[in-house]
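[1] with the input below, show me the fold.
(one chain, ligands or ions: 1)
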Amino acid sequence: MGMEFKSPPLCPAMVTVRRNPPRKARATPSTTAPDSTKQNPSASKLKDIPRCPLEELLHDDTPQIPSVAMPSSIPSPPENGNSENLRVFLRIKPLIDTNVSSKKNKATETRSKLKAAKNNDTNKKEGICLVANDSHSVTLSPPLSLQDSKRLKTEVYHGFSHVFSPDSSQKEIYEKVMDPLVSDFISGKSGMLTAMGPTGSGKTHTIFGCPREPGIVPLTLRRIFSETDGSDSKMSRSYYISMLEIYSDRGKGERIIDLSTDGADLCSQQLTNKGPQEVMVSDVVQAECVVARGMLKRTTAMTNANSQSSRSQCIIHIRSSPKMISGKPEVQPSCAVLTIVDLAGAEREKRTGNQGKQLLESNFINNTSMVFSLCLRSLLEHQKNPKKPLQKHFQNSLLTRYLRDYLEGKRRITLILTVKPGEHDYLDTSYLLRQSSPYMKIKFNNIEEPSNLPYQKRHNHMLPRTEQPKRRKFSNVDAVIHEGDGAIDKPVLEPSDCGPLSDKAYLLKMLGEYKKKLQESENEVFNLQESLQKEKIRSLELERELQDLKSSCSCGQIRVCDAVIDQSSFSLLDCQSVNQRSQISPRDEKNNDHSEELKHLLVTDNSSDADVTASLEHSESMVCFSQSTILVDSDHLTTERNKFLNEEKKVGAHPSPNPKISELGRSQISPRDEKNNGHFEELKYLQVTDNFSDADITAASLEHSESMVCFSQSTILVDSDHLTTEQNKLLNEDKKEVLCRRISLDENVESTTIENIAEGEPEQDRATKTEKLGKPRRKLQPASSLLLKEISGLNLEDENEKPKGNRAGERKLSTGERGRSQGSISLLKLIRSNFHN
Ligand SMILES: Nc1ncnc2c1ncn2[C@@H]1O[C@H](COP(=O)(O)OP(=O)(O)OP(=O)(O)O)[C@@H](O)[C@H]1O
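    Okay, here's the model as predicted:
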């Protein structure tokens, strides 16, 4: 039905010159409109003025019923040969959709019915817009309402591989659509079946079916395994199933979910490198279970158009590979993959009433469907005109990237279109038929069945090339793990199945190594942490021990020194030396060093606690013996301090030619004793230093315990007063190291510290002095009490002693003192005899 068209009259004053006149619209096969230029002679006069292409704009591109011009252009399915056309099947869904009026959609149905009743009384019963003319063609008639408003016309589509009427059974569909593909698959040819159609048109039903009416997938599996069961064992093959869905969560990009196993999220990279996990199936029950599980995990939702609408694109791979027999692969065609895709149905917002999340999902679904169609369209145009480059529409969605090889015509595709015949679905059906019917012209030329190539390689071809990592060569294929790695019953391909190690296997191997290393490092870190902890504990224990030792040491010192002070006021014992000499151990061989000097200040006083505490200022250089006695290292004292002490005459030291003696002499200080201010007790003793034998010393100390103190194996301290002039002389003559010191004692002043060394003093006097001083008596420790007993029992006498110019003046010796010099004599005798020997 052509349309009369008259160009609008031209304005005489206006001349329009077009540099690039619009292309002349080509005549569509369906158009029957007479050439307007022939019919209207006046139009020829206006040939210079391009006419408005209104006719083309208004023209409906669809073929008209009376003049069906398509059959000649639509190729019939090729029987065989290298070149074959894409097969397009059409399935018409039964009009009465029980599911739509099911409980969940009852409300929607009621609403739409009420609407329909309001709008048009004639539409009480929905009309049919699509009818099958024969097994290869259909007629699509627009509803009257649309015919009037949009001037839509009846269309005839033919050239389908087969049109399935609404009463077609699932089995029939399987046999016509899928069985040839399965046969190819079994013989080693790969192929893909894709179900396309608007939402609720029966794609999922066709692909999966239901228990009562199993769909293409279950029937395919049955066929495959029935075939395998009957075949010779030598021809038997292994089959693997993988199932995944591409889904858009709230429109936030695409996600790939592995449906065959754990429903894990696979990123695009994983899909490329590893692919979906495969599950090896050995019989139909196992295979159906895997598919059923996957279906349960698939994302679906209830929409106004479908109570269980698929919200994702679902892809199932069935892969076959030859079984190894006696370690050698069979020569038969090796791996083949059968791919079945259930696309999510395109949705119209008005019809579905989707909002929010579902609207976003709907956009994703429509977009993916559109990209899929564009890819095929581009392939068709490229095949028609090879000069036209193949558009890279596949890049626009994950699904098309994944199926790129198919969409570029390198693998066989079969399409099954599902449509609803109702009038309400006219637009959807029309759109699908117009869009998809040209695909029948797509040819697959010289399809290279990579029967001798491993599946891995082919599968990698199928994946987006841009995402393929660089290939690496491996000689050892022991770590070959195919894409089904990780599945519980994952199969591991034999080296011969896979050829060189694939990228995926390489990456997996690397990952495994890194994982191992990480594990080792973690273990090491753990061990180090443990040992660190142990070390910390140990160091704490050691610190505690050290503290204990320190405290016990200081206690010991105090005890020993207290005892010395209280009992005999023999204050020359240097704490350090005491410690070093193991508490005055005569057998300490280490202390054979004669040069060891004792140089300390002994501050003896009735020091108050505060004073003693103040001594802590010099804690490094002094040792606190007791409340009344502080032993200070004179070297550590400042010059002022020493000066002060000297000025105050608190240091009583006889000048001695021997530096040791002077040092020792300076060690008698009583700075805080007010009573003793400037007065010193006299200490008279000899320090005989030599290498005495143990026996000698022991004998000496025992024999003359009253007059000597044995410090060590090399040092004996003897009261010089107790020695006779002869004895002293002898010692000097023999150049033995005789340390003699005399500290004058002011007789007028009572000594506090060394009062007990004032030999020969009557017990009564001592008691009186002590009483006067009011100094507390300290209890002796057992170790020191013996020593002090010896010291206190010293009866020293130095007959040759001369005044040493000490400030205290010459000491007057009492008769009693002189009488107690026998011990000294005996000692000197012993020493002498020792030297002579
Ligand atoms: N040929 C058929 N015979 C009987 N019932 C059918 C047929 N085709 C589809 N149905 C029913 O129609 C409903 C919708 O079908 P289905 O879910 O397969 O549509 P769909 O195209 O997959 O929709 P969507 O794209 O939204 O997933 C289902 O309940 C299904 O059982």
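[2] and stretch 379-394, what's its mean pLDDT?
    Here stretch 379-394 scores 86 as its mean pLDDT.
[3] make that stretch 543-558, sorry
    The average pLDDT for stretch 543-558 rounds to 76.
[4] quick one: the strands in the stretch 301-450 of the chain?
    Assigned by DSSP state E, counting those that start in this stretch, the strands in the stretch 301-450 of the chain fall at 309-310, 312-322, 324-325, 328-329, 336-342, 413-419, 443-444.
[5] excluding covalently adjacent residues, which one is nearest to the residue of the stretch 401-550 of the chain found nearest the ligand?
    Closest to the ligand within the stretch 401-550 of the chain is Thr418: 5.7 Å, counting by C-beta to the nearest ligand atom. Quick note: C-beta positions are derived from backbone N, CA and C, even for glycine. Once flanking residues are discounted, Thr418 sits nearest to Gly197: 3.6 Å by C-beta to C-beta, 6 or more residues apart in numbering.
[6] ok and the residue in the stretch 251-400 of the chain nearest the ligand?
    Nearest to the ligand, among the residues of the stretch 251-400 of the chain, is Gly345, at 2.7 Å (C-beta to the nearest ligand atom).
[7] my bad, should have said the stretch 101-250 of the chain
    Scanning the stretch 101-250 of the chain for the residue nearest the ligand gives Gly202, at 2.6 Å (criterion: C-beta to the nearest ligand atom).
[8] right, and that residue touches Leu90 too?
    No: the criterion here is C-beta atoms under 8 Å, and Gly202 misses it with Leu90 at 11.3 Å.
[9] which of the two has more neighbours?
    Leu90 (28 against 24; other C-beta atoms under 10 Å).
[10] do the helix or strand hosting Ala287 and the ligand meet at all?
    Taking DSSP states H and E as the criterion, Ala287 maps to helix 284-297. No: applying C-beta under 6 Å from any ligand atom, one finds helix 284-297 separated from the ligand by no less than 11.3 Å.
[11] counting contacts, what elements does that helix pack onto?
    Counting contacts by 3 or more C-beta pairs under 8 Å, 6 or more residues apart in numbering; DSSP states H and E, helix 284-297 is packed against helix 216-230, strand 237-248, strand 279-281, strand 312-322.
[12] any chance of those in JSON lines, with mean neighbour count too?
    Putting these into JSON lines (neighbours: other C-beta atoms under 10 Å) gives the following:
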{"stretch": "helix 216-230", "mean neighbour count": "19"}
{"stretch": "strand 237-248", "mean neighbour count": "24"}
{"stretch": "strand 279-281", "mean neighbour count": "23"}
{"stretch": "strand 312-322", "mean neighbour count": "25"}
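[13] would a markdown table of those with mean pLDDT and distance to the ligand be doable?
    A markdown table is the format used below for the helices and strands packed on helix 284-297 (pLDDT from 0 to 100; distance: least, C-beta to the nearest ligand atom, whole Å):
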| stretch | mean pLDDT | distance to the ligand |
| --- | --- | --- |
| helix 216-230 | 83 | 12 |
| strand 237-248 | 86 | 12 |
| strand 279-281 | 88 | 24 |
| strand 312-322 | 87 | 9 |
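[14] in a markdown table: these, plus distance to Asp425.
    Formatted as a markdown table, the helices and strands packed on helix 284-297 follow (distance: least, C-beta to C-beta, whole Å):
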| stretch | distance to Asp425 |
| --- | --- |
| helix 216-230 | 22 |
| strand 237-248 | 24 |
| strand 279-281 | 37 |
| strand 312-322 | 21 |
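[15] summarise which helices and strands the longest helix along the chain is packed against.
    Using DSSP state H to define each element, the chain has its longest helix at helix 503-563. In terms of contacts (3+ C-beta pairs under 8 Å, 6+ apart), helix 503-563 is packed against helix 268-273, helix 575-580, strand 622-624, strand 629-632, helix 782-792.
[16] for the second one, give the mean pLDDT please.
    Right, the one you point to is helix 575-580. For helix 575-580, the mean per-residue pLDDT is 38.
[17] what's the answer for the shortest one, then?
    For strand 622-624, the per-residue pLDDT values average out at 41.
[18] now do stretch 150-159
    84.
[19] and that stretch, which residues are buried?
    Neighbour counts using 16 or more other C-beta atoms under 10 Å place Leu152, Lys153, Glu155, Val156, Tyr157, His158, Gly159 of stretch 150-159 among the buried residues.
[20] isn't the third one up against Leu432?
    So the one you mean is Glu155. No: counting by C-beta under 8 Å, Glu155 stays clear of Leu432, with 11.9 Å between them.
[21] which neighbours do those two have in common?
    Common neighbours of Glu155 and Leu432, using C-beta atoms under 8 Å, 6 or more residues apart in numbering, do not exist here.
[22] so how far is the first residue of stretch 400-407 from its last?
    End-to-end distance for stretch 400-407: 7 Å, by C-alpha to C-alpha, to the nearest Å.
[23] for the nearest residue to Asp184 once chain neighbours are set aside, give the beta-bridge partners.
    Once flanking residues are discounted, Asp184 sits nearest to Gly191: 5.6 Å by C-beta to C-beta, 6+ apart. As for beta bridges, Gly191 partners with Leu338 under DSSP bridges.
[24] Gly191 contacts Asp405, doesn't it?
    No: assessed by C-beta under 8 Å, Gly191 is found out of contact with Asp405, at 11.9 Å.
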